[in-house]
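**Student:** predicted model and sequence below, questions to follow.
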Amino acid sequence: MKLELNDLNNGLVYLGDKLNVRMIFNFDEDSTILWSGIRLLTHPPCLKELQITKEDIFSKGVFEKG
């Protein structure tokens, strides 16, 4: 499976603004998926990474090639 993420904000997002991302999935063969999602993380300079949000994309399913 190939996943392509495109940033629709041109690399700049201010605190409180929406981060718009286009995701394109391309399956090389028929696939069964139990869960798929995306997490937005931040890496502050002196702290460990912090999860800002997590969104489910798929939760169980069979996807055909293409």
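**Tutor:** Alright, I've got the coordinates.
**Student:** for the nearest residue to residue 60 once chain neighbours are set aside, give its distance to residue 13.
**Tutor:** Sequence neighbours aside, residue 34 is the residue nearest to residue 60 in space, at 5.9 Å (criterion: Cβ to Cβ, 6 or more residues apart in numbering). Yep, even glycine has a C-beta here, placed from its N, CA and C like the rest. Distance, residue 34 to residue 13, by Cβ to Cβ, to the nearest Å: 31 Å.
**Student:** who has more neighbours out of the two?
**Tutor:** Higher neighbour count among residue 34 and residue 13: residue 13, with 12 against 8, using other Cβ atoms under 10 Å.
**Student:** phi first, then psi, for residue 56.
**Tutor:** With angles defined as degrees, to the nearest 10, residue 56 sits at phi -80, psi 140.
**Student:** what's near enough to touch the residue of the chain most remote from its centre?
**Tutor:** In the chain, the residue that sits farthest from the middle, by Cα atoms, centre = their mean, is residue 46; the gap is 25.2 Å. By Cβ atoms under 8 Å, 6 or more residues apart in numbering, residue 46 lies in contact with nothing.
**Student:** contacts only, for the residue most central in space within the chain.
**Tutor:** Geometric centre of the chain, nearest residue: residue 38, 3.4 Å, by Cα atoms, centre = their mean. By Cβ under 8 Å, 6+ apart, the contact set of residue 38 is 21, 23, 54, 55, 57.
**Student:** look at residue 35 and say how many residues are nearby.
**Tutor:** 10.
**Student:** who touches the closest residue to it other than its chain neighbours in this structure?
**Tutor:** Distances taken as Cβ to Cβ, 6+ apart place residue 59 nearest to residue 35, at 5.7 Å, with adjacent residues excluded. Residues in contact with residue 59, defined by Cβ under 8 Å, 6+ apart, are 34, 35, 36.
**Student:** next one: the nearest residue to residue 19 once chain neighbours are set aside from residue 2, what distance?
**Tutor:** With Cβ to Cβ, 6+ apart as the criterion, residue 19 has its nearest non-adjacent residue at 5.0 Å, and that residue is residue 13. Computed as Cβ to Cβ, the residue 13 to residue 2 distance reads 25 Å.
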